[in-house]
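1. how would this look folded up:
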Amino acid sequence: MSGLPTAPDSFQQKTTAELQYLIENPDFYDAGVVALARQELRRRGALVPAGPSFSEPAALSAPADYDDETAPAGHGNRWLLGGLLLAVVLAVAWWMLRPQPAPPVAAAPAAPIVLEATVIRPLPSFEQEAAGQVAITRRLLPAADRADTTAAGRYARMARRYWLAENTAAYLIAQALADSVTNVFPGQVTIAQERIDWFMSAKAYNQNLTPNMEARLTLMQQALVLRRVSLENFKTRYETYGELYTDRDQNRADFEAADIAGELLGRPTKRVPMQGNISDL
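-> Residues are numbered from 1 along each chain as shown. Here you go, the predicted structure:
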């Protein structure tokens, strides 16, 4: 600081602290200024600070080990960082060495589910079959009976009712005997019973037919009585036990009803004539 005055009187005006500051910071001031400051302090009998030493700096000592309580914050952070790195290394090692699950075995393609087919057979109408059977039944009448066209027409209409009922009943009984019915069997039996009742309700009236015609209608009535009993038994067993079974009486009834149908179509009969009154059945 060469601009400062160097006369002794100017130093006499400075405080002791200011003079000591000049001596303690010789790099900022001329050597003469520092020397005058020393001289003034000696004159005042004040403490003269020692000048800074320009010897080689002492070698830094090795950092002492610190315990947890006295370690500086930076040293603790290094321990924390090291712990985190160690945890990461351990986690990666565990992940690489962990037991590997067995590779999934490719499952064989599942076989398609095969459902047991339940064939629901719709109940046929039997109109076409009945038409051919009515024609045969009418043709088997004696010529004199066929000549009575009014009676023959009534007889043909009754024969149609019979054949529709007979074909339906025979169809369902054949299924029952073959144990091939489905859950629609009870409903279809009801339809067959309705067709039987359709014939029976008309048979109750006097239609002024010839004796041969009446005799044949009585055979039809006997056959349908047997069919109705068989169907009712099969329906009850199916609804009660969920299965069908037959017995000697069932087999006999089926045989006689089928034999009557064959006789009405001109085939020879194989049955023993039924005894008693039809109304007792």
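2. ranges for the strands of the stretch 151-281 of the chain?
-> Using DSSP state E, counting those that start in this stretch, no strands are found in the stretch 151-281 of the chain.
3. shaky segments in it?
-> Confidence mapping of the stretch 151-281 of the chain against pLDDT under 70 gives the ranges 272-281.
4. Do I have it right that A37 meets L22?
-> Yes - counting by C-beta atoms under 8 Å, A37 touches L22, with 4.2 Å between them. Heads up, the C-betas are built off the backbone N, CA and C, glycines and all.
5. List the contacts of E232.
-> By C-beta atoms under 8 Å, 6 or more residues apart in numbering, E232 lies in contact with 189, 193.
6. what's the longest helix in the chain?
-> In the chain, assigned by DSSP state H, the helix with the most residues is helix 211-241.
7. Now do the buried residues in that helix.
-> If you call a residue buried by 16 or more other C-beta atoms under 10 Å, then helix 211-241 has these buried ones: 213, 216-217, 219-228, 230-231, 233-235, 237-238.
8. mind giving me the domain ranges of the protein?
-> The chain resolves into domains spanning 8-44, 127-274 when parsed by automatic domain parsing.
9. Turn those domains into JSON lines, including distance to A87.
-> Formatted as JSON lines, those follow (distance: least, C-beta to C-beta, whole Å):
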{"stretch": "domain 8-44", "distance to A87": "52"}
{"stretch": "domain 127-274", "distance to A87": "69"}
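10. among those, which is nearest M96?
-> For M96, the closest of those is domain 8-44, at 61.4 Å, according to C-beta to C-beta.
11. what's the pLDDT at R38?
-> With respect to pLDDT, R38 scores 85.
12. so which helix or strand takes in it?
-> helix 31-44 (DSSP states H and E).
13. and that helix, what other elements does it pack with?
-> Here helix 31-44 touches helix 8-12, helix 16-24, going by 3 or more C-beta pairs under 8 Å, 6 or more residues apart in numbering; DSSP states H and E.
14. all helices of the stretch 51-200 of the chain, in order?
-> In the stretch 51-200 of the chain, the helices defined using DSSP state H, counting those that start in this stretch lie at 73-97, 127-139, 143-147, 149-177, 185-203.
15. Rebuild those helices as CSV, extending it with distance to E263 and mean neighbour count.
-> Below are the helices of the stretch 51-200 of the chain laid out as CSV (distance: least, C-beta to C-beta, whole Å; neighbours: other C-beta atoms under 10 Å):
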stretch, distance to E263, mean neighbour count
helix 73-97, 92, 10
helix 127-139, 10, 15
helix 143-147, 17, 12
helix 149-177, 12, 20
helix 185-203, 17, 17
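16. Quick one: closest of those helices to A46.
-> Closest approach to A46 among these is made by helix 73-97 (42.1 Å; C-beta to C-beta).
17. what is the mean pLDDT for that closest one?
-> Across helix 73-97, pLDDT averages out at 71.
18. quick one on the thing from earlier: how far does the longest helix of the chain sit from the chain's center?
-> In terms of C-alpha atoms, centre = their mean, to the nearest Å, the gap separating the centre of helix 211-241 from the centre of its chain is 48 Å.
19. mind checking pLDDT for Q12?
-> 80.
20. my bad, should have said Y29
-> On the pLDDT scale, Y29 gets 78.
21. separation between it and Q128?
-> Applying C-beta to C-beta, to the nearest Å, the value for Y29 to Q128 is 140 Å.
22. and the residue nearest to T168 when sequence neighbours are not counted, what is it in contact with?
-> What sits nearest to T168 in space, not counting adjacent residues and going by C-beta to C-beta, 6 or more residues apart in numbering, is A192, at 4.3 Å. With contacts defined as C-beta under 8 Å, 6+ apart, the neighbours of A192 are 165, 168-169, 172, 227, 231.
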